[in-house]
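A.B. asks: give the three-dimensional model of this entry:
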Amino acid sequence: MTSAMAQDKKKAVPWVASVAVVVSDKEKAKKWYSEKLGLDIISEKAHWVTVGKKGKGGQIHLCQMTEIDSKFPLEPGNSGILFMVEGDIVKHYETLKARGVEFPQPPVKRPWGWECVFRDLDGNEHMIMPST
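C.D. replies: I've put the predicted structure just below:
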């Protein structure tokens, strides 16, 4: 395979740009994710609002329910989204809890490492794990 063919093959592979989280009010959610979690507002165009950490990759698309289809109820629960933090997860937990973030599961050590679960203002559950 030539170098040009290898480059074309790499370009043809998709990657995750953002993951949608359904929220009841994107303005309140934007404020919550930026103020409570400390995430950056990456993009804000018409209905498209994404938050994340600049230079760290993945983003969350705050998807307001009424902009999707109000016939379907909001179903909060485990989102499957994993946030990575650097350093001591217990310190991150304490900082976020002091900011008013709700944790149905405080940090717990599992066979694969530390994790904790928090809820956003709409009841969506996300997980936090240390990056190292």
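
A.B. asks: helix, strand, or coil at the residue lying closest to Leu121 once chain neighbours are set aside?
C.D. replies: Of all residues not flanking Leu121 in the chain, Trp32 sits nearest, at 4.9 Å (CB to CB, 6 or more residues apart in numbering). (Glycine included, C-beta is placed from N, CA and C.) Secondary structure for Trp32, judged by DSSP: H, G, I helix; E, B strand; the rest coil, is helix.

A.B. asks: any idea how far Arg110 is from Trp32?
C.D. replies: 27 Å (CB to CB, to the nearest Å).

A.B. asks: re earlier: isn't the residue nearest to Leu121 right next to Asp120, touching?
C.D. replies: Yes - under the criterion of CB atoms under 8 Å, Trp32 makes contact with Asp120 at 6.2 Å.

A.B. asks: what about the protein, any weak spots by pLDDT?
C.D. replies: Residues of the chain meeting the criterion pLDDT under 70: 1-14, 67-74.

A.B. asks: let me know the helix or strand that the most centrally placed residue in the chain is in.
C.D. replies: Taking CA atoms, centre = their mean, the centroid of the chain lies closest to Ile60, which sits 4.9 Å from it. According to DSSP states H and E, Ile60 maps onto strand 59-64.

A.B. asks: residues in contact with that strand?
C.D. replies: The contact list for strand 59-64 (CB atoms under 8 Å, 6 or more residues apart in numbering) reads 17-26, 29-30, 33, 39, 42-43, 47-52, 81.

A.B. asks: at which residues are the strands of the chain located?
C.D. replies: Remark: strands assigned in the chain by DSSP state E are 18-23, 40-45, 48-52, 59-64, 78-85, 102-110, 113-119, 125-130.

A.B. asks: nearest to Thr95, of the ones you listed?
C.D. replies: strand 78-85 (9.7 Å; CB to CB).

A.B. asks: do you know how far the nearest residue to Gly100 once chain neighbours are set aside is from Val16?
C.D. replies: Spatial nearest neighbour of Gly100, excluding adjacent residues (CB to CB, 6+ apart): Lys36 at 6.2 Å. Per CB to CB, Lys36 is found 23 Å from Val16.

A.B. asks: residues touching Tyr93, list them.
C.D. replies: By CB under 8 Å, 6+ apart, Tyr93 lies in contact with Phe103, Pro106, Pro107, Cys116, Ile128.
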